[in-house]
Structure formats: structure tokens, C-alpha cells
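Asker: Sequence unavailable; structure follows:
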């Protein structure tokens, strides 16, 4: 590893051993004088400061870090505090360079000479950006989870309060009980998503693929689950998945995939949305499934990023549903994407068909087509992610 | 059992004559919450209309001119704060009392809904979700006096 001006530093420190110690720290390290000039720095220091090209020796540390012409205040500058107190100090530098924020933990140590003078401070920087981002993500996740659960819980509480305090005819009471069950199921589904998400993040999610009658074990159960909600929102389902289709998959997790895609379709498709569930065998290594919905089209830019964490930006949604969906599909050796389509009650024209049949698609409505694949090579009880399209 | 009946009777004893025919518009995007409000209010002979977003709410206000508006703050499209401001700034509708209904009511004293300035909420009362029927009816009654 090449370090800057080691011989000069030796001269300054008058001690080769000291230079060896600084070199062996393995973290971004610099020696700074009382006027905040950088006298010595290693490669990591230059890298962490996002100054790979320009020389930094002899420049002011605040200029290198913050492009500032004035020194930082004592409150934020650990080096300055060390010069003042003669004791080691620590702090946090937040650099905003190249549009990215960097979170750097700074440790500063006084460099005393035999005559007892404090001429220099050693600044050691640890780039903890990743850690801070994870903490930020975790905080965000907690906030989202609370918000997601608060709405159904508040409604359940409200309906239960009404049932307890107001005398109602039997049919009305039953109607409210049904709503309570439906809202609690919604809450449970949200919790399920968060649990899967945490398992994914911990690297603990394992699928259990079994030969499955896809219609009865997955699709029918999902449609039954959504019946109440669909009636309320006047959703029209059209299912064109063969009833005898056999697929090796983890039916419970594929149900989660469908639940998330259908919930997403209802949320974004608005009232009276038209939802089409289909299947295609192209004769290749994959089973192709689609969940298409009418309604506002997802823009090209959003189609690219919709499966990435927390990008939905919706007040209504946690934004993790589609992320979890993507992870589960990938665990099945497949891929998921969205493209525009045209829909009718008995047909869904995929993007390729739309392009081919442009201008000949009367009787169809525009929509978003979420397509996911499951590898045909997925063997029973052996989840092997990575077998991608 | 008699104790429970007495409890209910005491909570919901209200001047029936006063509430008969008075129109209340509920603007909330949560259909279950609207249903709960309707049950509580219709039980006291108020006429309840529902809107699930601000646009629908403003249409009903123009057409039917309700005696009271119960307004949720977090709505799709135009939010409750904007609706409250546009109504209270309008000479035609500023005298219609607005009861704000939100899960954020406890934060009303904080900086989220300033009382002054361009983002100020303009309402005659507010109520925390989930609603206590007794408190709701008492506030409604007071605002409709």
C-alpha cells in the first residue's frame, strides 16, 4: 500500500515506529496540524474523502471534507476538540459528495511529543455509511409497519366499539362482524409480509417446494380470500388458469405472491378494477403466470423500480409488498416484471402481442401486466434460488 | 344485563327533535369508518351523507349544503386541511361547522397542523380516532346548536 510522505512524517514524528503504527491501522488515517493542514494521509483517507485524483497533502481538512473555506465548529469537529482538550475525541462527519451521503465516524487522538507539546492530531475515519443506511431502513420499516397496522386496528376497534355500545339488528351486526374479520385478515397479511421480509433480510427464508395442484391449492384459496374485499371494491376477477395445472412450488409463498399482486392491483386500479389471472406455457424452462389489472398505467420509469425497496411512495402501502414478492419469485428460480397490456374478460394481450396487433385491439382496455415465472426445474423439497430467466 | 341497558340508554339519550332532519356529511376514505359513523349518527335520527374523497365531498356540499361536516384529514387527492381552508375561506360555506376526525388529533397542538399561516387547519372541533360514540354525539350536538 502506498502512503503519502511517509519519510516526511518520520521526520515530523522523529520516530519510525510511530509511522509504522499509523500505517498498520488499516483505516482511513491522517495527521493534522493545529492550522488544520493535512500533513500526512493514507490511501484510504483520500478514498473515503472522495478525493481520488486531487492531492490532499497540505490542504485544509475542512476544505477537503466539506469544500468549506472556514474551519468547522468545535461542536462538530473532533480534531478541533482534541487540540483544545488534549484528549481523544470522536464525532460524525456527514459528507455529501456526488449526490450520495456518506456517514463517517471520526476518532481523533493527540500526538504528543517528548517535550509534552501537542502539535498534531491523528484523525481516523471509519466509513459507516452502510450501517447508518441499515439503521435508517430499519427505522423506516418500523414506521411503515406501525402505519400499516394502525389503520386496520383502528377500524377494528371502531367497529367493535359500535357493536358493544349500540343495539343493532342481527343482519347489521353480522355485516360488522364480517368487516372486522376482513380487516383483521388484512392486518394479518401485512404482518405476514413483514415476517417474510425479516426472514429474507436475515437470510433465513427457505421455501418448501411440493408438487401442487396450482388452481385448487393456490389460486382458488387466494380468490376466496379476496372475495369480501373484491365485493366491496366492485372488483371483477377473470381467472384463466387451467384447473388441472400441476406445478412444483411452495404453495403458501406463491399465495403471498398472488395476495400482494392482487392487493396492489386493487389499490392502484381503483374502484371497479378488472383483474385477470392467467397462465402461459411457452415450452421453455419456465411456467409463466400473470396478474393484469385495468386502471392507470404504470410509467416506463416506475416499471423499472417498482420492485425495489420502499419506492412505491404510497401512503396506503408499506412499499415492501412487491419487494417481498420479487424475493419469493426469485426463490422459485423465477423472475418478475411488469409491462403494459390490453385486457378483455377472456384475453390478456401481452406487450409483444400489443405491438404486433397495434391498431387491431378494439374491445380491450389498457392495463398493467405483472408477469412472474416459476422454474420448471425446481425440484421437490430443494429450493435452489438463482435459476433465473 | 339491566346495568348495560341503563348504560346504553344514558349514553344515547339525546334530544330527538333537535337532530331530526339535520344533515351531516362525513368525508372519509375508509368505508368501514364511514359505516360506523353512519350507525352512530343515524341512530340519533341525523341524515348522513358520505363522501370518500375531497372532490366528492365538495360536490355534495354544493348540492346539499349539509348542517355539519365531519372531515377526515388524510384523504386521497385534496387533503382535509385544504378542504377545511377552502370552505372556511368561502363566504358561502364558512358558517357550516367542521368537525375534524383524525388519528392525528392528539398532535393538533403540535406543529403538524399550525393554527396560523398558510397551512393552518380551519375547523370548529376535532375528534380522535377511534371515536367514542358518546363524545362524538356530544360534539355534534354542540356544533349544531
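Answerer: Good, I have the coordinates. Since the model is a prediction, treat every value here as computed from it, not as a measurement.
Asker: secondary structure class for the residue in chain B that chain A sits nearest to?
Answerer: At 4.2 Å from chain A, residue B:130 is the closest residue in chain B, using Cβ to the nearest Cβ. Where you see a C-beta, it was placed from the backbone N, CA and C, and this is true even at glycine. Using DSSP: H, G, I helix; E, B strand; the rest coil, the structure places residue B:130 in coil.
Asker: what ranges do the strands span in chain B?
Answerer: B:23-27, B:47-51, B:68-72, B:98-102, B:125-128 (DSSP state E).
Asker: Could you figure out how far the third one is turned away from strand B:23-27?
Answerer: Between the axis of strand B:68-72 and that of strand B:23-27 there is an angle of 10 degrees, by axes from the mean of the first three to the mean of the last three Cα atoms, to 10 degrees.
Asker: Just list what strand B:68-72 packs against, helices and strands only.
Answerer: Packing contacts for strand B:68-72, counted by 3 or more Cβ pairs under 8 Å, 6 or more residues apart in numbering or on different chains; DSSP states H and E, involve strand B:23-27, helix B:54-64, helix B:80-88, strand B:98-102, helix B:133-143.
Asker: a markdown table please, covering these and showing mean pLDDT and distance to residue A:225.
Answerer: A markdown table is the format used below for the helices and strands packed on strand B:68-72 (pLDDT from 0 to 100; distance: least, Cβ to Cβ, whole Å):
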| stretch | mean pLDDT | distance to residue A:225 |
| --- | --- | --- |
| strand B:23-27 | 96 | 29 |
| helix B:54-64 | 93 | 29 |
| helix B:80-88 | 88 | 32 |
| strand B:98-102 | 87 | 30 |
| helix B:133-143 | 93 | 31 |
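Asker: these two touch, right, residue B:74 and residue B:102?
Answerer: Yes. Between residue B:74 and residue B:102 there is a contact under Cβ atoms under 8 Å: 6.9 Å.
Asker: Let me know which of the helices and strands packed on strand B:68-72 is the nearest to residue A:136.
Answerer: Closest to residue A:136 of the helices and strands packed on strand B:68-72, according to Cβ to Cβ: strand B:98-102, at 27.2 Å.
Asker: Which one's more surrounded, residue B:74 and residue B:102?
Answerer: Using other Cβ atoms under 10 Å in any protein chain shown as the criterion, residue B:74 and residue B:102 rank with residue B:102 on top: 23 against 16.
Asker: Mind pulling up the pLDDT for the nearest residue to that one once chain neighbours are set aside?
Answerer: Leaving aside its sequence neighbours, residue B:102 sits nearest to residue B:73 (Cβ to Cβ, 6 or more residues apart in numbering or on different chains; 4.2 Å). For residue B:73, the model assigns a pLDDT of 84.
Asker: burial of residue B:73, as a residue count?
Answerer: 25.
Asker: likewise the one 10 residues further on?
Answerer: By the other Cβ under 10 Å criterion, the neighbourhood of residue B:83 contains 28 residues.
Asker: Contact partners for it?
Answerer: Taking Cβ atoms under 8 Å, 6 or more residues apart in numbering or on different chains, we find residue B:83 in contact with B:27, B:54, B:57, B:58, B:71, B:75.
Asker: and if we set it to 7 Å?
Answerer: The contact partners of residue B:83, by Cβ atoms under 7 Å, 6 or more residues apart in numbering or on different chains, come to B:54, B:57, B:58, B:71.
Asker: Including neighbour count, could those residues go into CSV?
Answerer: Converted to CSV, the contacts of residue B:83 look like this (neighbours: other Cβ atoms under 10 Å in any protein chain shown):
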residue, neighbour count
B:54, 21
B:57, 26
B:58, 18
B:71, 27
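Asker: Those into JSON lines, with extra columns for distance to residue A:224?
Answerer: As requested, the contacts of residue B:83 are arranged in JSON lines below (distance: Cβ to Cβ, whole Å):
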{"residue": "B:54", "distance to residue A:224": "35"}
{"residue": "B:57", "distance to residue A:224": "35"}
{"residue": "B:58", "distance to residue A:224": "39"}
{"residue": "B:71", "distance to residue A:224": "36"}
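Asker: Residue A:48: which of these is nearest?
Answerer: Scanning the contacts of residue B:83 for proximity to residue A:48, where the rule is Cβ to Cβ, the winner is residue B:54, at 49.4 Å.
Asker: Now the phi/psi pair for the closest residue in space to the closest one that isn't next to it in sequence, please.
Answerer: Nearest non-adjacent residue to residue B:54, counting by Cβ to Cβ, 6+ apart: residue B:78, 3.7 Å away. Note on residue B:78: backbone dihedrals following degrees, to the nearest 10 are phi -70, psi 130.
Asker: and residue B:78, how far is that from residue B:56?
Answerer: Distance of residue B:78 to residue B:56, computed by Cβ to Cβ, to the nearest Å: 11 Å.
Asker: Looking only at neighbour counts, state which of these two leads.
Answerer: Neighbour totals were compared for residue B:78 and residue B:56, and residue B:56 leads with 17 against 14 (other Cβ under 10 Å).
Asker: Grab the nearest non-local neighbour of the more buried one.
Answerer: Per Cβ to Cβ, 6+ apart, closest to residue B:56 is residue B:27, 7.8 Å.
Asker: you'd agree the one you found is up against residue B:51?
Answerer: Yes. Residue B:27 is within contact range of residue B:51, at 4.7 Å (criterion: Cβ atoms under 7 Å).
Asker: any residues in contact with both of those two?
Answerer: Counting by Cβ under 7 Å, 6+ apart, the residues touching both residue B:27 and residue B:51 are residue B:57.
Asker: which one of those two has more residues nearby?
Answerer: Between residue B:27 and residue B:51, residue B:27 has the larger neighbour count (other Cβ under 10 Å), namely 26 against 22.
Asker: give the contact list for the residue lying closest to residue A:250 once chain neighbours are set aside.
Answerer: The shortest distance from residue A:250 to any non-neighbouring residue, by Cβ to Cβ, 6+ apart, is to residue A:207 (4.0 Å). Residue A:207 makes contact with A:250, A:253, A:331, A:332, A:383 under the criterion Cβ under 7 Å, 6+ apart.
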